[in-house]
Structures are given as C-alpha cells and as structure tokens.
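Visitor: Compute the structure for the input listed below.
(one chain, ligands or ions: 1)
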Amino acid sequence: MTIKDIMKYIESEFSVINDTPCEICGGDYIAEDLKINVVDGVPYDICDCICSNCGYEKTFEFCAPFIDENSLKKAKNILN
Ligand SMILES: [Zn+2]
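Guide: Below you'll find the model as predicted:
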C-alpha cells in the first residue's frame, strides 16, 4: 500500500461524505478531523464531520484494514 493508494482511499471517503446530505437540514458535511481507531484489531478510519449549514456533527467510520497510523499521518501531511 503506497501513500498514493491511501490518498486515493481517503479521497473516496471524502466523496462518500460529500454525497451524504445532513440528516437534519440536507446541507453539506465538511470533514474536520481524520483519525484511526482500532476495534477488535481492525483499524477504522474515523472522520469527524460537521454540517456547513446547521453545524450538526456526524462521525463517519470506514473500515481501513490496510492503513497504519504512520501511513495515515504521511497521507494527511500531503493532503494538508
Ligand atoms: Zn445540517
């Protein structure tokens, strides 16, 4: 898994988030933070999002068994 692959994966997560309307007002979610949580030995990509319209907070979870913390950090640095 290269950084490029991970970035592609993160971008596809962002497109899922962009395609999901706010469940309160139908507005767009903005990704605030991206982190890895390990549940039962499987890393999950946890993305905290906030509605740009009403401020409603929603957490998206993506199963990311191939991502480790270091690779995610590198990918995030490139994205920033
Ligand atoms: Zn909203």
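Visitor: Pass me the low-pLDDT residue ranges in the protein, would you?
Guide: 66-67, 79-80 (pLDDT under 70).
Visitor: And the strands in the chain, which stretches?
Guide: All strands of the chain, identified by DSSP state E, fall at 29-39, 42-51, 57-63.
Visitor: Name the stretch among these that sits most buried.
Guide: With neighbours defined as mean count of other CB atoms under 10 Å, the strands of the chain peak in mean count at strand 42-51, which reaches a mean of 18. For every residue, glycine as well, the C-beta is placed using N, CA and C.
Visitor: between the strands of the chain, which gets nearest to residue 69?
Guide: strand 29-39 (5.5 Å; CB to CB).
Visitor: Does the closest one reach the ion?
Guide: No: no part of strand 29-39 sits near the ion under the criterion CB under 5 Å from the ion; the closest distance found is 8.1 Å.
Visitor: Just the angle for that strand relative to strand 57-63, thanks.
Guide: Calculated by axes from the mean of the first three to the mean of the last three CA atoms, to 10 degrees, strand 29-39 forms an angle of 50 degrees with strand 57-63.
Visitor: Need the CA coordinates for strand 29-39. PDB is fine.
Guide: Coordinates of each C-alpha in strand 29-39 appear next as PDB, following Å, rounded to 0.1, in the frame of the first residue of the first chain:
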ATOM      1  CA  TYR A  29     -20.800  17.900   5.600                       C
ATOM      2  CA  ILE A  30     -17.300  19.200   6.000                       C
ATOM      3  CA  ALA A  31     -14.600  16.900   7.300                       C
ATOM      4  CA  GLU A  32     -13.000  18.300  10.400                       C
ATOM      5  CA  ASP A  33     -10.700  15.500  11.600                       C
ATOM      6  CA  LEU A  34      -9.500  12.100  10.400                       C
ATOM      7  CA  LYS A  35      -8.100   9.500  12.700                       C
ATOM      8  CA  ILE A  36      -7.600   5.800  13.100                       C
ATOM      9  CA  ASN A  37      -9.400   3.800  15.800                       C
ATOM     10  CA  VAL A  38      -8.600   0.100  16.200                       C
ATOM     11  CA  VAL A  39     -11.600  -2.000  17.000                       C
END
